[in-house]
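# just the structure for this:
(chains A and B)
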Amino acid sequence: MRRLRSAASGWIVLLVLVVLWETATRIAGSLYFPPPSQIAETARQMWFSGPVSSLFLTDVVFEDLFASVARMLGGWAIAGVLGVALGVLLGRSATAMDYCGPIISFLRAIPPPTLVPVFLALFTLGTPMQLATIVFGTIWPILLNSVDGARSVDETKTETARAFRVSTVDWIFGVVLPAASPKIFAGLRISLSLSLVLMVISELVGSTEGIGYRLLYSQRQYDFPAMWASIVLLGVLGFLFNTGLSAIERRVLAWQPAHRQAALAAGTGA
Amino acid sequence: MSTMLEVTDLGHRYGDHTAIDRLSFTVAAGELVCIVGPSGCGKSTLLRTLSGLVASTTGHVALHGDEVRGVPDDLAVVFQDYSRSLFPWLTVQRNVEFPLKRKVSRAERRARAAEALEWVGLSGAGAKYPWQLSGGMQQRVAIARALAYRPALLLMDEPFASVDAQTRFELEDLLLRVRREHDTTILLVTHDIDESVYLGDRVLVLSKSPATIVANLKVDLPAERDQITTRESDTFVALRAETARLLHGGGTVRPRVQADPEGVAARFLAAERAEQAAQASKRHAAQN
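Model (predicted):
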């Protein structure tokens, strides 16, 4: 109940802000700051005025939104698989991190957008370059958190697994990964937000479709309502992905004490 | 009775420090042997060496006649710290099944785990997670996991040191019942003198570090034991005093304290209890 109420009050604040924004922009009448109602109308025309056969979605949705989301989630998923695999490997080795630590610190210190020109030269223009940018930018939080998580398996669990001669597969998938999963999820969450940012940035260069491309195109056409519509869409996407991941995390980590306490607090809260 | 475990001249050294020094003893099939020693005498090292978790520097360990190199296939361990040894992401049932994955089919795993949980009186708790159970129940899950594995030898490392006194008595009786019903061979390490006498068919007394065996006491108590009547029997009291005296002396010869042996034993017991209490409160503080 309490959680519902606190969620509701958050939405009320948002609604009030939108109303204030609407009033302010109407009064100001600036070309650069169209009122939210106009942005919404533009968004409807751009994305939701298609034929019934495609659920009112326009071609632009298929060209821009789906392409962008596919690249973003694809890059994030590749970074996830690589990051977790490498992280567990490095984390379970006593010496590997001593060798690789400095390299990782150096690589992750490079701002990923600066590598866009490099990837442009290395890969073909378009999706491969964009995927490379997203993967390179999002892998570090996942990798480092996986290393941390893999190291957090305590001595007693290690000895228990050894005493029962648990197989290597069961050891990695049954002990190390579950023990590391809270940390891995923390890394995945950071990377998901990063992947949205990097998706946009990678589409600003040499791209012919995608939300980032549409954003830049609108700005160059002085079509500010469309530009704002893309910005709002990115915000909505970020929010939806984060909510989705949180839901998955709650299910996967239901065994965790933190989630247990949250559940208890929600259950007893009046 | 055939010999289940045979330990010959076992020694372990960390650098210059000798943790255990040339230990030799045997455990017969179906026997429950307690190893009691002062805190920090190398009991845990001994257990880890026996289980193959740590390689010994000298000597041999043989389980049902086979030389132990690495962890043997039919050995189970119950550790003191149940909250860490159980897997919090698995239900009770799956915790018990987990070590069996390598050995038996899925259906067989289910059946064995359910059976072992019944032995320890937790048939209804299979679907729960470890954190939903009390400490004593969690340790029972760890015992069920070891029993379901059907080990030739069950090693227990201070298994009841992290639970309160009442639960401890319950678990001790549970262990005695389970080993009687299922004919399990058990080697149990403890620093608690009372516990070693109450549980054991024999008590091996270790000296201070480096650990050597000071005495091998046969416990002449009936197989059926009772927390109240057994503990007040003359045999129990005498054995407990004898063990305490041996622990206190700890040396190579037996320096019987002439003037007031009972007093020394009593003081030793008091000191042991104080230490346990301190450890318990420390653990309690750490948990909160």
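# any idea which residue of the stretch 101-250 of chain B lies closest to chain A?
residue B:102 (5.0 Å; CB to the nearest CB). (Glycine included, C-beta is placed from N, CA and C.)
# what sits against that residue?
For residue B:102, the contact set (CB atoms under 8 Å, 6 or more residues apart in numbering or on different chains) comprises A:165-167, A:170.
# got the buried residues for stretch B:213-225?
Within stretch B:213-225, the residues that qualify as buried by neighbour count (16 or more other CB atoms under 10 Å in any protein chain shown) are B:213-215, B:217, B:219, B:221, B:225.
# same thing with stretch A:146-163?
Along stretch A:146-163, these residues count as buried under the neighbour rule (16+ other CB under 10 Å): A:146-151, A:153, A:156-163.
# ok, stretch B:9-18 next?
Burial within stretch B:9-18, assessed by neighbour count using 16+ other CB under 10 Å, is assigned to B:10-12, B:18.
# repeat that for stretch A:135-145.
Under 16+ other CB under 10 Å, the buried positions of stretch A:135-145 are A:135-145.
# ok, and of the buried residues of stretch A:146-163, which contact chain B?
Among the buried residues of stretch A:146-163, the residues lying close to chain B (CB under 8 Å from any CB of the partner chain) are A:156-157, A:159-160, A:162-163.
# coming back round to it: from the buried residues of stretch B:9-18, pick the one nearest residue A:24.
residue B:12 (77.1 Å; CB to CB).
# so what's the closest one bridging to?
In this structure, residue B:12 bridges to residue B:20 when assessed by DSSP bridges.
# got a list of what it touches?
When contacts are taken as CB under 8 Å, 6+ apart, residue B:12 is in contact with B:18-20, B:42, B:45-46, B:49, B:54, B:56-58.
# let's see that with 7 Å instead.
For residue B:12, the contacting residues are B:19-20, B:45, B:49, B:54, B:56-57, taking CB atoms under 7 Å, 6 or more residues apart in numbering or on different chains as the criterion.
# please apply the same query to residue B:92.
Applying CB under 7 Å, 6+ apart to residue B:92 gives the contacts B:117, B:122, B:125-126, B:128, B:130, B:141.
# show me where the chain has strands.
You didn't pick a chain, so chain A it is. Chain-ordered strands for chain A, with DSSP state E as the definition, do not occur.
# if you could check chain B rather than the one you did, that'd help
Listed in chain order, the strands found in chain B under DSSP E are B:3-14, B:17-28, B:32-36, B:58-63, B:66-67, B:75-78, B:153-157, B:186-190, B:202-206, B:213-218.
# quick one: low-confidence parts of the chain?
No chain specified, so I'll use chain A. Counting by pLDDT under 70, chain A contains low-confidence ranges at A:1-2, A:257-270.
# that's the wrong chain, I wanted chain B
Flagging of chain B using pLDDT under 70 yields the residue ranges B:1, B:250-265, B:267-268, B:272, B:279-280, B:282-288.
# domain map for it?
Structural domains of chain B, as assigned by automatic domain parsing, span the residue ranges B:3-74+B:154-161+B:178-287, B:83-150.
# list the buried residues in the longest helix seen in chain A.
For chain A, the longest helix by residue count, based on DSSP state H, is helix A:224-252. When neighbours are counted by 16+ other CB under 10 Å, the buried residues of helix A:224-252 are found to be A:224-230, A:233-234, A:237, A:241, A:245, A:249, A:252.
# circling back to that earlier point, of all the strands of chain B, which one is nearest residue A:43?
strand B:75-78 (62.7 Å).
# what bridges to the residue nearest the centre of chain B?
Taking CA atoms, centre = their mean, the centroid of chain B lies closest to residue B:188, which sits 2.3 Å from it. With DSSP bridges as the criterion, the beta-bridge partners of residue B:188 are residue B:34, residue B:156.
# residue B:157 is in contact with that one, correct?
No: at 8.3 Å, residue B:188 and residue B:157 do not qualify as touching, with contact defined as CB atoms under 7 Å.
# residues touching residue 91, list them.
This is for chain A. Taking CB under 7 Å, 6+ apart as the criterion, residue A:91 is in contact with A:146-151.
# oops, wrong one, chain B.
By CB under 7 Å, 6+ apart, residue B:91 lies in contact with B:126-129.
# try 6 Å this time
Shown here is residue B:91, whose contacts under the criterion CB atoms under 6 Å, 6 or more residues apart in numbering or on different chains are B:127, B:129.
# measure it to residue B:113 for me?
10 Å (CB to CB, to the nearest Å).
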